[in-house]
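**Q** just need the structure, nothing else, for what follows:
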Amino acid sequence: MITNLFRFHGRKLLCLTLLLGILPVASNATPPNEPVAPIGLEELGRGKPTLASGQLTPETFVAFETKALAHAQTVYVNWKRLRASGVIIPYDGQTRFREAAAQLYATAIPRPEDAPGTFLEKVVTLYSSGYGGLGMDGNFGDGRRGSRGKVSLKGVGVTQMVGKTDMAHGHGGLFRPDAIIEPTIAAVLDEELTYGTSGILFVFADGRTVKWPDGRQDGLAEMLSLDFARPAHTLSNPNIHAGSEEQRARDRERLKSMVAHIDEFYPAPVGARWKSEPERFGIGLREFIRRIALTYAQLHVRSIYVGADSPSNIMANGGITDFGTASAVDGFTRVTILPPEVNAPNGDTNGPKRDILKEIVDDYEKTLPEKYKPYLPSFEKAAALFDQNYEKYLHQEFVFLAGAPKEILHHLENSPSIQLLGAEIHRLSTAGNEETRHVDVVFRPHEIAMPKNTGTYRVDEILIQAAKTLPDGREAIERGLRTLIPNQKIRQTFAHAYFDATTEMSNAGARDHVSPRALQAFFAEAAVVRNRKRPHLMRSPEFVRESERVWDRFEKSQDVNAVQTYIDSMVEENVHDFPDASPFQLVIDQASNTFEGYALRRVFDARSGEFETILRIDTGGNRGNLLGFDFKLDDLLRSRVIYTLGHMHGSAFPKKVGDSVEFRLPAAQGRSFRLDIATSDGHLIPGNAKSRVAAALLGEWSDRPAEKTSCPNWLRRAISRF
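**A** Okay, here's the model as predicted:
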């Protein structure tokens, strides 16, 4: 609950007085480094696919007609990703904005079984893209996706790219539980992965169902994402001899055009130079290999398993797309979601090497023009390059999991002590996880759950305990781990590696004005934050049933916020790392207003050695919003915050950090917040209210027993943390 005590005079902001409670967080995609020019919502989908004149060729796409859905509703909006894309959000009209999104983008291919009145007369042209590689299941590309402008719509219906396949791969729809699971996992990974995901912007309830041969019916939804290029767009299709003559001819033209213009398909590293198009291709392919090595290392250390490795489930920029088999994992259990002969288990690099790199290299050896082939590595060299980068990044990520500031890790990325500690943590994580377990949570979602941690060691508890005893030295670290690591030799080896690496990091931190004591405190806090479990992101019958219950609540109440609130709360619970934090700053907890784009953060700053409260305002497009009021960036940067936090009073001045403005306050004392924002000309209207955070959070629930209230669990957890 937040009380708005604004007063507004003309077009000039006079004062913002905030009574801040802790709201559910939704931290989605990482904003781009470069500013994006503001655009209207309709501009996202204007014209033919933007990729057709960039990474992809016009021959990649085939046009088809859809009709606007008459009763579609926008049930989820990724506000942060929209702002990062430059979309202007009218903060005084959320309902109208949601309605406009559904009217603009919720379209589908009419089916004979659709009821009268399902569609409007408005016809919208979309474009399906063709691609190849592993895992096509009889199809020739986008079997249920259509693109226009900068976006693509998933669940649009059966496109021309559907070949001879079963109903599960050819019905053209998107099941409603998937329309909750996929945007939730995507939003978490947008924060946790360096190269993020394709970016799901909207989820629409389209009012249709799909009927199975046994009589079952499943409700359908649609998802609008930013469009993206897959390595599969450059590969031949394994179904080339099985499709129709039209499909075969079209795919031959697609492949011919793509390999002829492949030089800039993959990303080049910053500062790279080349003398020819083929050399540019070789540089880009090696950079792609480096990036996916980092992506897979980050996924494994964060205990998230994508479950279906293929050239069509990864993006050309190294990010991840399509989350139909993705799940959190308890610890580092060696599981497969698809059959083991189809996909490698969690933590096994044969997945990306065999099912992505080998597919790419083998295909290019047959299809690339001769001028490119001298710059194409053999599979053995590509796999070796992947392994070299993966091992380095995996060890760094394990040390990050232990609590290290990422800035120090960047300086010491090639340090032997860092690599040794990472290797020791990796060794602990693999002990007891040698056996592969197949869990069919995708095709039997109501029966099977992801297994509990099968490892010998609880890596999370080991890292948290080691950080607690770090100030007392190596012997204290070893003593504190006797129960968690009973084997003396293994325990001593780990304690030595841990102490040596943290000592080197302490010396490096001193050069960045981080004291040894502050670094030790940072480790203790970060080890707890980064090792939080993600039980509600693990696929299980309860996870699926809860997703179905959320949709049922929406159907019964027609409250579009039912899905939005659930996804936002799931993201808040499962994001452990915020890449937009200031240097040497650990975000311990965040509470945000996702629609308006501001957040209250509790952080530990390693340079000051203090806990702080951060008021953070997104300012993409050089504008920001707070409690429904829009203001220019320049005005905000000339303002100051006058705060009352418990018994502390003072002023804080703005600092531009990336695409945001931050006001840094002391750690909140007591249970009251009071913030006034005064403009540069001295205008200020003082606030007249204070409130306990818990009361502001719970509102009408505050006087009722927890077991008899509808206050959700994530809200109780937020209260207990603050």
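
**Q** any regions of the stretch 551-700 of the chain where pLDDT drops low?
**A** 626-629, 645-646, 668-700 (pLDDT under 70).

**Q** so which residues of the stretch 451-600 of the chain form strands?
**A** Using DSSP state E, counting those that start in this stretch, the strands of the stretch 451-600 of the chain run over 585-593, 598-605.

**Q** out of these, indicate the one that is most buried.
**A** Across the strands of the stretch 451-600 of the chain, averaging neighbours per residue (mean count of other CB atoms under 10 Å) puts strand 598-605 on top, at a mean of 23. No exception for glycine: its C-beta is placed from N, CA and C like everyone else's.

**Q** how far away is residue 227 from residue 315?
**A** 10 Å (CB to CB, to the nearest Å).

**Q** can you work out which residues contact both of the two?
**A** residue 198 (CB atoms under 8 Å, 6 or more residues apart in numbering).

**Q** who's more crowded, these two?
**A** More neighbours surround residue 227 than the other of residue 227 and residue 315, with 26 against 23 (other CB atoms under 10 Å).

**Q** that one touches residue 152, doesn't it?
**A** Yes - Residue 227 lies in contact with residue 152 (CB atoms under 8 Å); the separation is 4.6 Å.

**Q** overlap of the contact sets of the two?
**A** Common neighbours of residue 227 and residue 152 (CB under 8 Å, 6+ apart) are residue 49.

**Q** remind me which residues of the stretch 201-350 of the chain are low pLDDT?
**A** Nowhere does the stretch 201-350 of the chain drop to pLDDT under 70.

**Q** now do the helices in it.
**A** Ranges of helices in the stretch 201-350 of the chain, per DSSP state H, counting those that start in this stretch, are 245-260, 277-301, 350-352.

**Q** kindly compare burial across these and name the winner.
**A** helix 277-301 (a mean of 22).

**Q** what number of residues lie near residue 385?
**A** For residue 385, the count of nearby residues is 17 (other CB under 10 Å).

**Q** that one against residue 286, yeah?
**A** Yes - taking CB under 8 Å as the definition, residue 385 is a contact partner of residue 286 at 6.5 Å.

**Q** okay, and the common contacts of these two?
**A** The contact sets of residue 385 and residue 286 overlap at residue 377 (CB under 8 Å, 6+ apart).

**Q** quick check: domain ranges of this structure?
**A** Following automatic domain parsing, one gets these domains for the chain: 3-25+578-721, 41-260, 277-536.

**Q** need these in a markdown table with distance to residue 546, can you?
**A** Shown next, in a markdown table, are the domains of the chain (distance: least, CB to CB, whole Å):
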| stretch | distance to residue 546 |
| --- | --- |
| domain 3-25+578-721 | 11 |
| domain 41-260 | 9 |
| domain 277-536 | 8 |
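
**Q** which stretch among those domains comes nearest residue 566?
**A** The closest of those to residue 566 is domain 41-260. By CB to CB, the value is 6.8 Å.

**Q** for that closest one, the distance to its chain's centre please.
**A** In terms of CA atoms, centre = their mean, to the nearest Å, the centre of domain 41-260 is set 19 Å apart from its chain centre.

**Q** and stretch 371-390, by the same measure?
**A** The answer for stretch 371-390 is 28 Å, by CA atoms, centre = their mean.

**Q** which outside residues touch it?
**A** Counting by CB under 8 Å, 6+ apart, 259, 262-263, 277-279, 281-282, 285-286, 289-290, 292-294, 296-297, 349, 352-353, 357-358, 360-362, 364-365, 368 sit against stretch 371-390.
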